[in-house]
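In: just coords:
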C-alpha cells in the first residue's frame with residue numbers, strides 16, 4: 001500500500017486529493033494535511049474585502065467532504081518536511097510518513113520585506129480570507145471618513161490580477177455609495193507598465209487597462225519600489241526603464257491595500273535540493289522535484305523564473321488553469337510510478353485569468369505563458385463579471401461534490417471559443 005500525502009487544502013490541494021483518490025486503487029491511502037479546517041475560495045477575496053461577500057459564502061469545512069470520499073484529513077498543519085526520511089513533522093509534534101508527497105500549500109506572504117506593510121502594519125491585504133475580512137470591517141469605517149486610496153503590488157510581487165480587481169471593485173463600490181468624488185485613487189505597481197501582469201503583457205492588456213484606469217480616474221505609478229509605509233503615508237521610489245531612480249513619492253492615504261511578494265513556506269524553506277533561494281519548490285516538467293523523486297508540487301509554491309528582466313523585480317503568476325493542469329500532471333505521474341509506467345505527463349503552463357472589475361472585467365489567455373506564444377488574447381466586458389460569479393459558484397459546488405472534472409479545459413475554454421490549450 002502506498003500513502004500519498006497532500007499538503008494544503010486550497011484551490012490546488014483539494015482537487016489534487018479528489019483526483020488522486022479517484023485515480024488510485026483502493027488499497028492505497030490519501031491524506032490531506034492543512035493548517036485550517038476550512039476550504040476558502042481565494043479568488044473571491046476582493047469581493048469579501050468590500051462586503052460584497054460574507055465568510056459563509058466563500059468558505060466551508062472540508063473534513064466531512066474529504067472523509068466521505070475516503071480521504072483522511074488532518075488540520076494540524078506542517079512544521080517541517082523531512083524529505084530524506086519521507087516524513088512530515090506536524091505542528092502538534094507528531095510525524096506522518098509518506099510514500100509520495102504533493103505540496104500544494106501556496107506561499108508565505110513576505111510582508112516583512114517592506115517596513116510597515118501588511119495587516120500587522122498599515123496596509124490591508126486580499127491574499128487570504130482572514131485578511132479580506134479585516135479589510136471588510138475597515139472598509140465601512142473608511143467609507144464614513146473617505147479620503148485618498150493607494151492600491152497595488154510591491155516589488156517582487158507575482159500576482160497582480162487581484163490588485164487590479166480590487167482597485168476597480170473599490171471604485172465601483174464608491175460610486176454606488178455616491179462618494180467616489182471624495183476619494184483620489186493611485187495604483188502603485190512594480191510592473192514596468194500597466195498591464196504587464198508579470199507576463200510581459202498579454203494581447204492589448206496595456207492599452208485596455210490604461211484606458212480603463214483613465215476612464216475611472218485612477219492614477220498610476222509603475223516601476224515602483226515601496227520603501228516604507230507609515231500610518232497614512234507610503235514612501236515610493238519610481239525608476240525609469242533603465243533602472244535609474246526617477247522620482248520619490250510620498251503618498252498620503254486613508255486606506256491602502258498592497259499585495260506583497262511571496263516566499264516559500266517555513267516548512268520547506270532552506271531544504272537543499274527541494275527549494276530555491278526564495279523557498280519555492282523546484283520541479284521538472286512532470287511537477288516532480290529533481291532530487292526527491294517522490295515529492296511533487298503544484299500551484300503558487302512552485303518555482304517559476306520571471307518572464308523577463310524588469311527595472312523593479314516582478315514575479316510570474318500561477319493562474320487557475322495552470323494550477324489545474326499541474327494537479328492533473330502530478331496525479332497522473334504518481335499513478336504511473338505506482339504502476340511501473342513512466343511518469344511522462346506534462347502540465348501545460350498556460351495562463352488563463354478572469355478578473356472582475358465590479359460591473360465589468362477583463363480576461364486573458366497566454367499560451368504558453370512564456371513568449372513567444374501561440375495564443376496572446378485579452379478581452380473585456382460585462383461577460384467577465386458574470387463568468388467570474390459563475391466560476392465561484394461552480395468551483396465551490398465542485399469542491400463539496402468531490403468532483404475531479406476539469407474546469408478550465410472544459411467550461412471556460414468552450415466559452416472563450418478555444419478548444420485546447422496546447
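Out: Okay, I see it. The model shown is predicted, which means the values in this text are computed figures rather than measured ones.

In: so which strand or helix has residue 237?
Out: strand 233-239 (DSSP states H and E).

In: An error on my part: the question was meant for residue 32.
Out: strand 29-33.

In: And the next helix or strand after that strand, what's buried?
Out: Counting by DSSP H and E, the next helix or strand C-terminal to strand 29-33 is strand 38-40. For strand 38-40, burial by neighbour count (16 or more other CB atoms under 10 Å) applies to 39, 40. The way it works is simple: take the backbone N, C-alpha and C, and place the C-beta from them, glycine included.

In: still on that earlier bit, so what secondary structure elements neighbour the strand holding residue 237?
Out: When contacts are defined as 3 or more CB pairs under 8 Å, 6 or more residues apart in numbering; DSSP states H and E, strand 233-239 sits against strand 224-230, strand 245-252.

In: so for that strand, what's the average pLDDT?
Out: For strand 233-239, mean pLDDT rounds to 98.

In: what does it rub up against?
Out: The contact list for strand 233-239 (CB atoms under 8 Å, 6 or more residues apart in numbering) reads 123, 150, 188, 221-229, 245-253, 256, 258, 311-312.

In: any weak-confidence spans in the stretch 51-200 of the chain?
Out: Within the stretch 51-200 of the chain, no stretch has pLDDT under 70.

In: show me where this protein has helices.
Out: Under the criterion DSSP state H, the chain contains helices at 13-23, 45-48, 55-58, 63-68, 129-144, 161-176, 205-215, 320-338, 382-401, 413-416.

In: Could you give the bridge partners of residue 234?
Out: Residue 234 has the following beta-bridge partners by DSSP bridges: residue 229, residue 251.

In: any idea how far it is from residue 115?
Out: Residue 234 is 11 Å from residue 115, where distance means CB to CB, to the nearest Å.

In: Overlap in contacts, those two.
Out: residue 228.

In: Would you mind telling me which of those two has the busier surroundings?
Out: With neighbours defined as other CB atoms under 10 Å, residue 234 and residue 115 compare such that residue 234 has more, 28 against 14.

In: ok, now how distant is the more buried one from residue 148?
Out: According to CB to CB, residue 234 stands 10 Å off from residue 148.

In: hey, what's in contact with both of those two?
Out: Common contacts of residue 234 and residue 148 (CB under 8 Å, 6+ apart): 251, 253.

In: so can I have TSV of the helices and strands packed on strand 233-239 showing distance to residue 400?
Out: Formatted as TSV, the helices and strands packed on strand 233-239 follow (distance: least, CB to CB, whole Å):
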stretch	distance to residue 400
strand 224-230	39
strand 245-252	43
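
In: Output those in JSON lines, with mean neighbour count and mean pLDDT appended to each entry.
Out: Below are these laid out as JSON lines (neighbours: other CB atoms under 10 Å; pLDDT from 0 to 100):
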{"stretch": "strand 224-230", "mean neighbour count": "21", "mean pLDDT": "98"}
{"stretch": "strand 245-252", "mean neighbour count": "14", "mean pLDDT": "98"}
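
In: Show me the one of those that comes nearest residue 387.
Out: strand 224-230 (30.6 Å; CB to CB).

In: Could you list every helix and strand in contact with the closest one?
Out: For strand 224-230, the packing partners by 3+ CB pairs under 8 Å, 6+ apart come out as strand 185-189, strand 233-239, strand 255-259.

In: Could you rerun that using 6 Å?
Out: Using 3 or more CB pairs under 6 Å, 6 or more residues apart in numbering; DSSP states H and E, the elements in contact with strand 224-230 are strand 233-239.
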